[in-house]
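Trainee: Give me coordinates for this.
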Amino acid sequence: MTKFGKWIGGGLGFTFGGPIGALIGFTLGAIIDNTEIITNKGSANRTTRGDFLVSLTVLIAAVLKADGKVLKSELSYVKNFLNSNFGREETLEALQMLKEVLSKEIPLPEVCNQIATHVNYSSRLQILHFLFGVANSDGELNENELRIIAQIANSIHIKDSDYISLKSMFVIDNNWAYDILEVGKDANDEDVKKAYRKMAMKYHPDKVSYLGEDIKKAAHEKFQKLNEAYEKIKKERNLN
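Mentor: Model prediction:
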């Protein structure tokens, strides 16, 4: 049997109980053979790496099931996505857990409420960014995927402006750069600069560094997209 030492080696806290625990309880028992699972209470303001990854797995399953079917091609995209962010060994573990979760009915409102209660805001932003990345792995975000991600964002208490900011990193339109910075095109130059500094603090990879170097590295993607948006606006306005 596959061991889950890497995938949940950061410990399980809140996900060991509640609706997520109910989802993965049978899963863990079914696919882990004599594996020691570390549990801890974590922190009111910070969750464990294991909790983050298990939460992400459950929400990825919800996105994959959004259109009522899960295609082999979609699983292949998810595999490539996970492998590029977490490496081969953890990807194999995650895919096995994902397979089990996909076979279950996911009580999404209850799962999201549990995540909103126990996961800090920076980590919830990173989860949402990952979900957009998974949904966009085939180069297209369909309406069902966008609908379920919007539902998740609302249920885990992501601000509308932050949802639009993250979505604009994947759905490009005429306003994408301004939407990422959460300002309008009519904002003056000083407001644009202030918005960039505010978003740079919000999206800085150090905000999720406690979840591990791989997740911190993945967080650089949204930070780089923020910088790309700012550079585009600076060039349009001839800002220094």
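
Trainee: Burial check on the nearest residue to Ala187 once chain neighbours are set aside, number of neighbours?
Mentor: Closest residue to Ala187 apart from its sequence neighbours, by C-beta to C-beta, 6 or more residues apart in numbering: Ala195 at 7.0 Å. C-betas here are computed from N, CA, C, even on glycine. Ala195 is flanked by 19 other residues according to other C-beta atoms under 10 Å.

Trainee: With the one 5 residues further on instead?
Mentor: By the measure other C-beta under 10 Å, the count of residues near Ala200 is 14.

Trainee: Pretty sure it sits in a helix.
Mentor: Yes - assessed with DSSP: H, G, I helix; E, B strand; the rest coil, Ala200 lies in a helix.

Trainee: Show me the domain layout of the chain.
Mentor: Domain ranges of the chain: 1-158, 159-240, per automatic domain parsing.

Trainee: which one of those domains is the most hemmed in?
Mentor: domain 1-158 (a mean of 18; mean count of other C-beta atoms under 10 Å).

Trainee: which residues are in contact with the biggest helix by length in the chain?
Mentor: When the chain is parsed with DSSP state H, its longest helix is helix 213-237. Contacts to helix 213-237, defined as C-beta atoms under 8 Å, 6 or more residues apart in numbering, come from residues 49, 52, 85-87, 90, 125-126, 129-130, 133, 166, 168-169, 176-178, 180-181, 189, 192, 196, 199-200, 203-209, 239-240.

Trainee: Filter those down to just the ones in helices.
Mentor: Here DSSP H is the test, and these give 49, 52, 85-86, 90, 125-126, 129-130, 133, 166, 176-178, 180-181, 189, 192, 196, 199-200, 203 as lying in helices.

Trainee: which residues of this protein score low on pLDDT?
Mentor: Scanning the chain for pLDDT under 70 picks out 1-10, 26-46.

Trainee: Which residue, neighbours along the chain excluded, lies closest to the residue nearest the centre of it?
Mentor: By C-alpha atoms, centre = their mean, the chain has its centre lying nearest to Ile127, at 1.8 Å. Among residues not flanking Ile127 along the chain, Leu56 sits closest, at 5.6 Å (C-beta to C-beta, 6+ apart).

Trainee: Does that neighbour fall in a helix, a strand, or a coil region?
Mentor: Recorded secondary structure, Leu56: helix (three-state DSSP).

Trainee: you'd agree it is up against Phe130?
Mentor: Yes - Leu56 lies in contact with Phe130 (C-beta atoms under 8 Å); the separation is 5.9 Å.

Trainee: what's the spacing between the residue nearest to Ala187 and Ile233?
Mentor: Distance, Ala195 to Ile233, using C-beta to C-beta, to the nearest Å: 9 Å.

Trainee: How about Ala116?
Mentor: 32 Å.

Trainee: circling back to that earlier point, Ala116 is in contact with the residue nearest to the centre of the chain, correct?
Mentor: No - counting by C-beta under 8 Å, Ile127 does not reach Ala116; the two are 10.7 Å apart.

Trainee: Touching both of those two, which residues are there?
Mentor: Both Ile127 and Ala116 are contacted by Ile156, under the criterion C-beta under 8 Å, 6+ apart.

Trainee: counting contacts, what elements does the helix or strand hosting Gln151 pack onto?
Mentor: Here Gln151, judged by DSSP states H and E, is contained in helix 143-155. Applying 3 or more C-beta pairs under 8 Å, 6 or more residues apart in numbering; DSSP states H and E, one finds that helix 143-155 makes contact with helix 49-64, helix 108-118, helix 121-135, helix 160-167.
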